[in-house]
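Chemist: Mind looking at a prediction? Sequence and model below.
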Amino acid sequence: MSTVKSALAQKSDALIHVRSGDMVVEALRQMRENRVRSVLVIDDDVLVGIVTQGDCAIKVLLPGLDAKQTPVGQVMTGNPVTVKPDDRLEGCMAMMAARGFRHLPVLDAGKVVG
């Protein structure tokens, strides 16, 4: 059975992220440029949240907010559930299915690694 570490080894080392004070438009720009559907929210090297395309659509677009004036911190999911590099992919996928997650940040000794 594979681990999170083995899955990360097949991906780019680039860590795509924004700060909670950045505007939502920047998070969307990062998603578009990197062809991903979510970005991590990291302040001072600490994971504080995750923001997805769905968050942007449901929490910004539908209520009529301006993505250029809405901070990521207002729409992100704070304190996201995380996994560790040695966790088994099967367990991660089961948790994602059971809890309705599509993205799981990976922390190694408290540091974001994927």
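Modeler: Received the coordinates, thanks.
Chemist: can you list the weak-confidence ranges in this structure?
Modeler: Where the chain drops to pLDDT under 70, the residues are 1.
Chemist: 90 instead?
Modeler: The chain contains residues with pLDDT under 90 at 1, 7-15, 100-103, 110, 113-114.
Chemist: Tell me, how many residues neighbour residue 8?
Modeler: Using other C-beta atoms under 10 Å as the criterion, residue 8 is surrounded by 15 other residues. In this view, the C-beta of every residue, glycine as well, is placed from N, C-alpha and C.
Chemist: Leaving out the residues flanking it, which one is nearest to it?
Modeler: residue 114 (4.5 Å; C-beta to C-beta, 6 or more residues apart in numbering).
Chemist: Might one say that that neighbour is in contact with residue 15?
Modeler: Yes. Residue 114 lies in contact with residue 15 (C-beta atoms under 8 Å); the separation is 7.2 Å.
Chemist: So what's the residue count around the nearest residue to residue 34 once chain neighbours are set aside?
Modeler: Computed as C-beta to C-beta, 6+ apart, the closest residue to residue 34 that is not its neighbour in sequence is residue 16, at 4.9 Å. Around residue 16 there are 15 other residues, counting by other C-beta under 10 Å.
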